Structure formats: structure tokens, C-alpha cells
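Engineer: Curious how this folds, go ahead:
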Amino acid sequence: MASNQHEIKFIDTTVRDGNQSLWDATGITTAMILSIAPVMDRIGFKAMDFISGAHMVVGVRWHKENPWQKIRLVRQAMPRTPLSFGTTGKRFMGFKRAPDSVIALAIERVAANGIRRLWSMDAANEIDVICQTARLAKAAGIEEVLGALCFSISPVHTDEYYAQRAQEMARCPAIDTVYIKDQGGLLTPDRVRTLVPVVQQNINGRPLEFHSHCTTGLAPICYLEAIRLGVRVVHTAIPPLAYGTSQPSVLNVSKNVRRLGYSANLDEEALEAAAAHFRYIAEREGRPIGAPVEHDVYYYQHQVPGGMMTTLKRHLSEVGMEHRLEEVLEEVIQVRKELGYPIMVTPFSQFVGTQATANIISGERYKVVPTEIIEYVAGYFGESPAPIDRNVLDKVTSSPRAKGILNKEFPQPSIEELHRKIGPGLSDEELLLRIALPEKEIEDMLAAGPIKLQYP
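Structural biologist: All right, here's what the predicted structure looks like:
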């Protein structure tokens, strides 16, 4: 029997990241999860990556489901497996920055409803922001808090850059675990061999987890390389919500690690039953089946994440311009460089993609400047990794909406002030939803009644 130091543990990403990457985050309802939850609770996952602010938006908008009730229901159905919530520290739901009071209340409420594990990331890898979120999570009773190091490729994002960020993260006592978050699937085995040791050496003995996507076809190999280097927790998905732009398959990774002499203590029968359940959903709902992809060197240039690529294609199709995808991707490369190489992760990937699309559709670069780009330039989401191109900066700051945003301090209302403004009699949970979402979407959710419990 293998010793504990050779046991590989797994974080399941099926219903959160797998769903977001392959099914545009709209594919899985609460009933679909509840129908298999007792089986998934037996598998032996260290935790389930369950929900984020973006998924809460999807639940309300597309499924008319109350996300707070969703957390409670699944928590009750999976008492043994910790559910994980992900936050960026500056946003709660949607791509807009949220006041600090809203972030603190959101963390308090997800903890109160049964979230036991929280991962905190910042799109600019600002460790102070991640640490602030970690402290809030610990104060709310969250058992395990993870700090994410978002990986990127640029002239700025070197191993030395990540060593420095890892050192800063190690100085935050509220962070229990660190994880490498390769949201773009950009890592290669060679880079893993330099990056993982650098991070390990600088996190002061904290556990290190590994998260990547199969977008370039290399993630399953990178997982094995990370495990050889000492990583003992990896993030995987259950087919058919594995592969493609999602995470590697837990079936494949667990089989391979056993062949390498490690143990993977998972209930194989329960795993197969869960895979069959999600295959049934895919067939019934007409959802795509995740499959391994061919390696694409071009992806390392534009770095558009899988979930966003799906959204980008849909948006171009809606305006009859799907044939111009290649032009948009070329523009993404240029816009990212001009904006100082922001990491292509939410919300920056959406910002860059939106600006690139606007440049192509309008026929004139930066003729249309989204509010989010102005806020990015104004520092609402931290400093750009490299200086912003001077000509682009001038165009952005001279746009009509810029005057109302630049050099204006971001408002920080208290929860009491927000209650007075939005609804004195509202619960904190409904208040949070009404801060983030249009009134009609909330009313439609409330009118739909309790969440459906059985699928189909």
C-alpha cells in the first residue's frame, strides 16, 4: 500500500469550470447536480469546485434559480465533500468592480450557506487583494482558503515574477494553500519543470495545487510532470465535461498516476456512474462532449480562454460576423500588448476581447471604448503588468465617458447605505443579488418559485 505522501488527491471541477469551459456555464441546473450528488459524494474528492459569482449570475439569468438556495441544497446532498467558491476579491457577480463591503458580505453569506473552501484570485496577481479576501474568508469560518497564482506568458510573466508573487503570498497567514491557475492551458512540460519548483521554494511549506486546461492538448502531461515534482493535489473533471477547453479527465489522470506508482483513492464505481449521468445530460440536452484537442501554436499568441472563446464565437454569430473570428483574434494579440499584457483571465480576457471585437466591428481602432477599458486604465483592477501604450492611453482617456471615471475615487458604500438605497426590508442575500443584477431578472427568479430538485 502506497504511503500518504504518494497519494494524489483530486479537486472536481465538473459542475463549475468544466461546465463553464464546455457548456458556456449555462448547461447544468441544480437538479442535474442533485440527481447525482449522493453518488459524487462517495467518490472521494478532496473538494468540489462548485460555484463562483459568474455562475450565480447564470443561475439567476438562465435557470431562474436562487443561487443561495442552490448552495444549501447541494451542501445538504453532499455532506462529506467540501464545496468550493471562487472569487476575484474585487468582483462578486459580473465584470464590474464591487465595493469592499459587498465582497465581505458575499463571503460571509456563502460561508453561512455551507461553502467550506474558497479560492481567491486577482486578475493582476495583486497579492494584497488576495490576502484581504483570504482574511475575510477566515473570519467568516471558511475552513480552507486558497491563493491563486494566475499563469500567463508575456515578457513580464517570468519565473522570477512568480517567485516574487509566491513569496508575497507566503507572508499572508490567512492563505492555507497555494495553487497554480493555468486558466489558459498555456503551460508546457518544460515550463512546469521550472515554474513548479520556483513556487514550491517560496511558499514556506504550504501545499501546492495544480490547475490547467486542455486547450493546447498538453495539460494531462503537465499534470504528471507537476506530480513528479511534488504536487499532490490536482484539479480534474469528469467526462464528458473534461478535455476540450476544460480540465483533464479524472479517469485518465488517476489511471496514469497509479501506473507511475502513486495512489488515487477514488471510488471507481461511483466515478463511472457520475460520468454516465453527465453523458446522459449531454445527449438529452444536445450539449458537446469534451474531447482531446490538437496542439495549436497560435493559441499561445492570442491566449483567449476556452469559455471566452465560446462566448466570442456566439457574439460574432449574433451580429453575422462569425467569418471574422481570425481578425478578432489577431486584434486580441495587439490589444493585449497595447494594454500592458494583462493576464487573459476574467475579467481582463473579457475586456481585451470586447475591445478587440469593437475595433473590428467599428472599422476603426479604439473608436468605441467600453467602460471597462476606461476602468482598467484608471486602475480599478490594479496596475497593468507593463506600461500601457501611450497612443492607446491617449485615445482611451480622451473618450467621452473617461472624464466621469478617471481620477475619480471608487465609491465604497456600506451595507447599511446600500440597504437604504436598494431596499431596507431585503435580506442580505437578496440585496446582494439586486446590487449585481437587473431587477427584472430577480423578479423572474422569484416568480419561478423553488428550485426543481429532480432531473429530468
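Engineer: Now do the helices in the stretch 101-250 of the chain.
Structural biologist: Residue ranges of the helices in the stretch 101-250 of the chain, as given by DSSP state H, counting those that start in this stretch, are 127-139, 159-170, 189-200, 219-228, 250-259.
Engineer: Can you tell me which helices and strands the fourth one packs against?
Structural biologist: So the one you mean is helix 219-228. Counting contacts by 3 or more C-beta pairs under 8 Å, 6 or more residues apart in numbering; DSSP states H and E, helix 219-228 packs against strand 177-182, helix 189-200, strand 208-212, strand 233-236, helix 250-259. C-beta here means a position set from N, CA and C on the backbone, and glycine is covered the same way.
Engineer: hey, which of these is tucked in deepest?
Structural biologist: strand 233-236 (a mean of 26; mean count of other C-beta atoms under 10 Å).
Engineer: host element of the nearest residue to residue 339 once chain neighbours are set aside?
Structural biologist: Nearest non-adjacent residue to residue 339, counting by C-beta to C-beta, 6 or more residues apart in numbering: residue 388, 5.8 Å away. For residue 388, there is no enclosing helix or strand under DSSP states H and E.
Engineer: ok so, going back, what's the closest of the helices of the stretch 101-250 of the chain to residue 354?
Structural biologist: helix 127-139 (22.5 Å; C-beta to C-beta).
Engineer: Now do that closest one against strand 177-182, angle only.
Structural biologist: 130 degrees (axes from the mean of the first three to the mean of the last three C-alpha atoms, to 10 degrees).
Engineer: Show me which residues of helix 127-139 are buried.
Structural biologist: Residues 127, 129, 130, 131, 132, 133, 134, 135, 136, 137, 138 are the ones in helix 127-139 that count as buried (16 or more other C-beta atoms under 10 Å).
Engineer: so where do the strands sit in the chain?
Structural biologist: 9-12, 47-52, 83-87, 117-120, 144-150, 177-182, 208-212, 233-236 (DSSP state E).
Engineer: quick one on the thing from earlier: list the residues that contact the residue nearest to residue 339.
Structural biologist: Neighbouring residues of residue 388 by C-beta atoms under 8 Å, 6 or more residues apart in numbering: 338, 339, 340, 377.
Engineer: So what does the third one look like in phi/psi?
Structural biologist: Backbone torsions for residue 340, taken as degrees, to the nearest 10, come to phi 90, psi 30.
Engineer: Show me the helices in the stretch 301-450 of the chain, by range?
Structural biologist: Using DSSP H, counting those that start in this stretch, helices in the stretch 301-450 of the chain cover 306-318, 325-338, 348-362, 371-377, 390-397, 415-422, 428-436, 439-448.
Engineer: Using CSV, lay out those together with distance to residue 289.
Structural biologist: Formatted as CSV, the helices of the stretch 301-450 of the chain follow (distance: least, C-beta to C-beta, whole Å):
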stretch, distance to residue 289
helix 306-318, 15
helix 325-338, 22
helix 348-362, 25
helix 371-377, 33
helix 390-397, 41
helix 415-422, 43
helix 428-436, 32
helix 439-448, 29
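Engineer: Nearest to residue 100, out of the ones you listed?
Structural biologist: helix 415-422 (10.4 Å).
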